[in-house]
Structures are given as C-alpha cells and as structure tokens.
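*Asks:* would you be able to build a 3D model of this:
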Amino acid sequence: QVTLAKMRSHVSSCAKVQEQMANCPKFVPVVPTSQPIPSDIPNRSTFVCPYCGARNLDQQELVKHCMENHRNDPNKVVCPVCSAMPWGDPSYKSANFLQHLLHRHKFSYDTFVDYNIDEEAALQAALALSLSEN
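*Replies:* Numbering: from 1, shown residues only. Sure thing, here's the model as predicted:
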C-alpha cells in the first residue's frame, strides 16, 4: 500500500504499475458515429488538440502531440484537460500552454480525484489523510 504523497514516485518506479499501464487498452473509436455524446457525462478520457483540432488524444498523447507539432505556436489556447474538470474554466487561455501541459498534466487526474464529491468534501478528505499520515 502506498500513501498518496508517495504515489507519483511509486507509479514511475513500480514495475507492476508500469506493466498494468502498458496493458491498458487505448481508446480508439471503431467507426464514426452520429450518436451524440451524453451531455451529463463529461469526457475526461480523450481530448481535442486546441491548436489543430486533432481528436481522441488521451492526456499523454496530447502532451506528445503538442510537443511534436506545436512547440513554436505562440497562440494562447484553452487547456482541454482543465476545461473538462469540474473546476475548469473553459474560457481561460493559458499564456504558455506547452509549459502548462508539461507541469500540470504529468499524471492522470483519475488517479487522484473523486469526481463524485464536491470541493469541500475533497478538501476535508485530503486534510484527514494528511493528518493520518503524520
């Protein structure tokens, strides 16, 4: 068992976690569909490139795609990962999107965030966990 504070280090060094992550299937649409995405379930698995509109990029693929294809693009853009989060502002344009991606999105929020609780409950849970670790 690993504490939350040590999770990032553990994920990057644990062979078992790396093996599990390598065996996770990537989302790839089978065929184009005309069906709408349910509006009550936000998509936090795949994202659209804010520069060129490339679709179905998971978080790691988005970082790689932007670093390879948009490294010198000076445009200010909205982070699709942040705007998909409950606390995200879909109108906020990052002054340096590539640095934002590299620093803020090194891990998947799904590992650390419970989307079913509100901000106050998440804060209380984090404080309780922090106190129990000391």
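*Asks:* max-length helix in this structure?
*Replies:* helix 119-133 (DSSP state H).
*Asks:* buried sites along that helix?
*Replies:* Neighbour-count burial for helix 119-133, counted by 16 or more other C-beta atoms under 10 Å, picks out residue 122. Yep, even glycine has a C-beta here, placed from its N, CA and C like the rest.
*Asks:* same for that helix, what does it pack against?
*Replies:* For helix 119-133, there is no helix or strand it packs on, judged by 3 or more C-beta pairs under 8 Å, 6 or more residues apart in numbering; DSSP states H and E.
*Asks:* distance from the chain centre to it, please.
*Replies:* Averaged C-alpha coordinates place helix 119-133 at 21 Å from its chain's average position (C-alpha atoms, centre = their mean, to the nearest Å).
*Asks:* how about residue 71, what does it touch?
*Replies:* Residues in contact with residue 71 (C-beta atoms under 8 Å, 6 or more residues apart in numbering) are residue 98.
*Asks:* show the average pLDDT along the longest helix of the chain.
*Replies:* For helix 119-133, mean pLDDT is 79.
*Asks:* all helices of the chain, in order?
*Replies:* 7-13, 15-22, 59-69, 80-83, 97-104, 109-112, 119-133.
*Asks:* residue 82 touches residue 89, doesn't it?
*Replies:* Yes: between residue 82 and residue 89 there is a contact under C-beta atoms under 8 Å: 7.4 Å.
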